[in-house]
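K.L.:
sequence? don't have it. structure:
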């Protein structure tokens, strides 16, 4: 069991939460807390073994809700044996998709991947190799509204918990995000540097000595969502734009895979437009 | 207040510890725990504000002892407003000493430095610049026993809590360490590679592409104590041994300063010849 | 064209080599040199455009040989438009193989892969997905000599230039290496730390804060060949052996892919049991 | 001797330059070249031993000028035994100044430091400890023009070759830079992210997982000059703004010291608003 809770800070919270677990016979194997004095917030992630726990699955949820309500907080509960259902969005580039699918197949990423959505057909055969359903949803300036409805319908049909934009080169609308807010994106720069398009060209022009990639939650303000993970690579004057793109692919793969693994293990909590990563 | 506790693992420990703090009116600002399933050990670090705590300073210690005994554990207690008294041991090289003294003077390292011991006089004037008492204790093959007695007596006289070997080129005996066990050393390699002497020459010969430094607790088995921090630097075929030494100085300074800061903030706990670093 | 040359150092070598290129109408796009004063050696890598070069392909080789002989040196010549023929050796683990094949398929690694050899059948279907010939050569304590002969025969038949051990868990004999010396291996530790077996278990026991991987040329002295690339990952007390293995996989993939790319671009030169990497 | 030359690219340049050295009896110990195809530029750095060179010091300069003119290029010539005269500009923060002075005193930075200029008196005593002349030049909104004239006069009087802004919190005018263009600055962020003021506060607000520092040449467009070196540090949600500042100090020290060492060794060449770093 993993409990993630955010609530206003006050004395006794760690004791209260851990007491709740102990009173029901649970043995905490990990517990991590963070206090944000500026906002007066308390964040907690508690992981315990379900074996020997006195509440059954159904009762846990309502007991946690009562607990969270009493703290004026917001709780999220996850059973370690239930795998998240993840949809991957792609366009034409394969490196992030393949990296995620490999890690998925090797058991490194504990999840289900019942759905891959793309606005191009290029990666359809790759998805077939991995036995993952591929849905082609073309997007253009005219059909965007309709396409997003189609995608939302697919996310619902396949009971998707979280969507991962693995080099999906379309911008999701605010309406889409309000209906399906759990989306992780990989941005090909060290945000907030080089927001927007063609970051590698602009990084080359600027003559930077390091490039980076940023995995973040998607919000309506493009490239402004809470950052989960950032990775970097060294570059030199010998690197042409193509070399930056190549090195960038590795930073993108690593950042996105790390961010998704942190999410799946419920190690990420969002507050004040930022994340706490209990790693 | 910071409480560090190690005890055999069993259900309810987080609740018990945080309950003890809460019951006395303490507000936990940081709490971190680790369970080592292999050894059946539970490690905990809890930090709370003394303000409003119902126990006075004298009572806290005995209350903690009772608590730790009841858990068959070992506790260490520190008042955040009491600064550690640190002795720095040096020989001839200045880079680590200067780095520590700068960080000390700028307030980055919260400690007192009432004593610097050296087997050479080279750094005496530097210590004077920083107004730190310098004691010259020469060591040679004949007087080693006597010299160590002298040093132990100084450590006792100046009420030193922890000794930092900042490029002190002498080996401390088992007898010394049994009497004064709290010693942190900086080793000029990425342990366990290149144990022993002249690591940079040997790293050059081996043609490594990375060099490192290791800050660790000192044990009788040389270079085998619990590792606190490791840092690395990239090297290339263009780097001669002197370049490795130069780059090594920076990795040494960073690793030692980080390790000492972690110690001073009570973020390091030792178990099974390893450390948990609650950073 | 890429010329790599090692010879005894003396004044005028850069002029002589670049003069040879210029006299035949070549335009140098990259030139890199290194002098090892300790050994009195001069290493040079010169890359120029073949277009407009006055020597034809056949004449270049003999002209370079004459040049190298006059300098008592050893030269290697490569045409940029001729791709290396690479054999990949694997056992059961797929992560390095898949990484190399992906980079191969995406055009990031400019090479041909006409042969994959394995002592297990586990990865046969993966190789088929990538349309790469898979040869099963079982190895045990009794048939080792015979198996190596079989592998040498395959390397010869497929005109392999270099073999890459991508988690191939067998040791190649000195006889094998004398007949086919160009072999790159990935070692799952930060050499020379944790030579030999089970490095991640031993790294965990030692409580290191960084783990690494080393890509190196294979020599008869196991784990002692010239190092091409080393990568690292941070670990903490929260990481169990399995986490070290997982993080290690990423460091291994990166180090091996980087080393192979450097080799394919003729950026690696071996001297004195070390490498110069002209990156 | 070190020769740095930039000129339009054409075949035969490496041969011509190295031939010039060889013809005068020089033995090249390092030679590095870079071609920028986009701009049609050729950059070269050649280092050779003066011993046995047939030209005397006076003749070298004019011979190099003739050579550069014939290539329509720009050359810079440095005698390895002549140390650069460096002025350090500071305000109130000491960490970069102290780092540079330590490296200077230990011989790691081969330079002369005949002048330190500050708009505050805070670091005067520190400079005295290191026996370095300290000049107080207050700057305010009214006297800026006059203050800059004073500084230019000091730079001229002390025959300064390069100025290093080691946390000098004033902006130098375009007029100043036109008269004294050789200035290196340390910017407390990973440019181009967080240009301008208070980057650590803004980095905290944005919730980045990495912070950085950038050493760059100063141009009239603030924070836009050619980047020489960038360094980074990992941060987490546990780091408050003060922690970012503390970690930032180390990245700043490292980036500035590295950039200055690269400059002193004539390893940096500027072209197209970028740098080639021949390291």
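P.N.:
Right, received. Where do you want to start? This is a predicted model, so every value here is computed, not measured.
K.L.:
quickly find the element holding residue A:151.
P.N.:
Assigned by DSSP states H and E, residue A:151 belongs to helix A:144-157.
K.L.:
enumerate the residues of the stretch 1-150 of chain A near chain B.
P.N.:
Contact residues, the stretch 1-150 of chain A versus chain B (C-beta under 8 Å from any C-beta of the partner chain): A:10-16, A:18-19, A:21-23, A:25-35, A:37, A:52. No exception for glycine: its C-beta is placed from N, CA and C like everyone else's.
K.L.:
need the buried ones from those selected in PyMOL.
P.N.:
Of the residues of the stretch 1-150 of chain A next to chain B, the buried ones go into a single PyMOL selection, burial set by 16 or more other C-beta atoms under 10 Å in any protein chain shown:
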select buried, chain A and resi 11+12+13+14+15+16+18+19+21+22+26+27+28+29+30+31+32+33+34+35
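K.L.:
now, the residues of the stretch 1-150 of chain A next to chain B that are in strands?
P.N.:
Judged by DSSP state E, these include A:27-35 as members of strands.
K.L.:
could you redo those residues as a markdown table and give each row pLDDT?
P.N.:
Listed next are those as a markdown table, based on pLDDT from 0 to 100:
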| residue | pLDDT |
| --- | --- |
| A:27 | 89 |
| A:28 | 90 |
| A:29 | 87 |
| A:30 | 88 |
| A:31 | 89 |
| A:32 | 91 |
| A:33 | 92 |
| A:34 | 92 |
| A:35 | 91 |
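K.L.:
where do the helices sit along the stretch 51-200 of chain A?
P.N.:
In the stretch 51-200 of chain A, the helices defined using DSSP state H, counting those that start in this stretch lie at A:57-70, A:95-105, A:124-129, A:144-157, A:174-179, A:199-206.
K.L.:
list the contacts of the fourth one.
P.N.:
Think helix A:144-157. Residues from elsewhere that reach helix A:144-157, judged by C-beta atoms under 8 Å, 6 or more residues apart in numbering or on different chains: A:87, A:115, A:117, A:119, A:135, A:137-139, A:160, A:163, A:172-173, A:175-176, A:179-180.
K.L.:
can you rerun that using 10 Å?
P.N.:
For helix A:144-157, contacts defined as C-beta atoms under 10 Å, 6 or more residues apart in numbering or on different chains pick out A:85, A:87, A:89, A:114-115, A:117, A:119, A:133, A:135, A:137-140, A:143, A:160-163, A:170-173, A:175-177, A:179-180, A:182-183.
K.L.:
kindly report the same for the third one.
P.N.:
Applying C-beta under 10 Å, 6+ apart, the external contacts of helix A:124-129 come out as A:88, A:90, A:94, A:97-98, A:101, A:113, A:115-116, A:118, A:132-136, C:105, C:126, C:129-130.
K.L.:
how does it look with 6 Å?
P.N.:
Contact with helix A:124-129 is made by A:116, A:134, C:129, as judged by C-beta atoms under 6 Å, 6 or more residues apart in numbering or on different chains.
K.L.:
in the sheet, who's paired with the second one?
P.N.:
Put plainly, it is residue A:134. Judged by DSSP bridges, the bridge partners of residue A:134 are residue A:116.
K.L.:
count residues in the vicinity of the residue nearest to residue A:81 when sequence neighbours are not counted, would you?
P.N.:
Among residues not flanking residue A:81 along the chain, residue A:50 sits closest, at 7.8 Å (C-beta to C-beta, 6 or more residues apart in numbering or on different chains). By other C-beta atoms under 10 Å in any protein chain shown, 15 other residues sit near residue A:50.
K.L.:
try residue A:94
P.N.:
Neighbour count of residue A:94, defined by other C-beta under 10 Å: 19.
K.L.:
before we move on, back to that, of all the ones in strands among the residues of the stretch 1-150 of chain A next to chain B, which two lie farthest apart?
P.N.:
Spanning the widest gap among those are A:27 and A:35, at 24.6 Å by C-beta to C-beta.
K.L.:
show me what from chain A comes close to chain D.
P.N.:
Taking C-beta under 6 Å from any C-beta of the partner chain as the contact definition, chain A meets chain D at A:192-193, A:206-210, A:226-227, A:230, A:232, A:237, A:274, A:276.
K.L.:
for the spatially most central residue of chain A, which non-adjacent residue is spatially closest?
P.N.:
The residue lying closest to the centre of chain A (C-alpha atoms, centre = their mean) is residue A:184, at 4.2 Å. Nearest in space to residue A:184, with sequence neighbours left out and distances taken as C-beta to C-beta, 6+ apart, is residue A:164 at 5.1 Å.
K.L.:
the one you found contacts residue A:88, correct?
P.N.:
Yes - contact criterion C-beta atoms under 6 Å: residue A:164 and residue A:88 qualify, at 5.1 Å.
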